[in-house]
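K.L.:
no FASTA, just this:
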């Protein structure tokens, strides 16, 4: 019997210059047709300042007109290629990503007061 071939998932990663938008909001398109009683979920998407695995999520949130905050940690050149900036390492040490097993990306759902639900 022949062993099944392993599936390989490739992800293209492109480093985005840090001068570009570090925090941006999704479009508000479609709000005009909603009533005031309808509450929309707000999101915070946290990842590095590159496209990577999170880019389809960013595109989807923008396409549906979701209200979201795009938080990006900077990257810099290192001996091994690229490494995250110190702000990411500090937040990781503080346990900011423990709910996601210390991994990124993180998608948080925000309540009316801006706190994570």
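P.N.:
Cool, got the structure. Note that this is a predicted model, so its numbers are computed, not measured.
K.L.:
so residue 46 is in which element?
P.N.:
Per DSSP states H and E, residue 46 falls inside strand 42-48.
K.L.:
am I right that residue 43 is in contact with residue 70?
P.N.:
No. At 9.4 Å, residue 43 and residue 70 do not qualify as touching, with contact defined as Cβ atoms under 8 Å. Every residue, glycine included, has its C-beta placed from N, CA and C.
K.L.:
these two: which is more packed in?
P.N.:
Between residue 43 and residue 70, counting by other Cβ atoms under 10 Å, residue 70 is the more crowded of the two (21 against 17).
K.L.:
confirm that one sits in a strand?
P.N.:
Yes. Looking at residue 70 with DSSP: H, G, I helix; E, B strand; the rest coil, it is inside a strand.
K.L.:
residue 42 - nearest residue in space that isn't next to it in sequence?
P.N.:
In space, and not counting its chain neighbours, residue 42 is closest to residue 110: 4.3 Å by Cβ to Cβ, 6 or more residues apart in numbering.
K.L.:
that neighbour contacts residue 66, correct?
P.N.:
No. Contact status for residue 110 versus residue 66: not in contact, 11.4 Å apart, counting by Cβ under 8 Å.
K.L.:
shared neighbours, these two?
P.N.:
Overlap of the contact sets of residue 110 and residue 66 (by Cβ atoms under 8 Å, 6 or more residues apart in numbering) consists of 41, 43.
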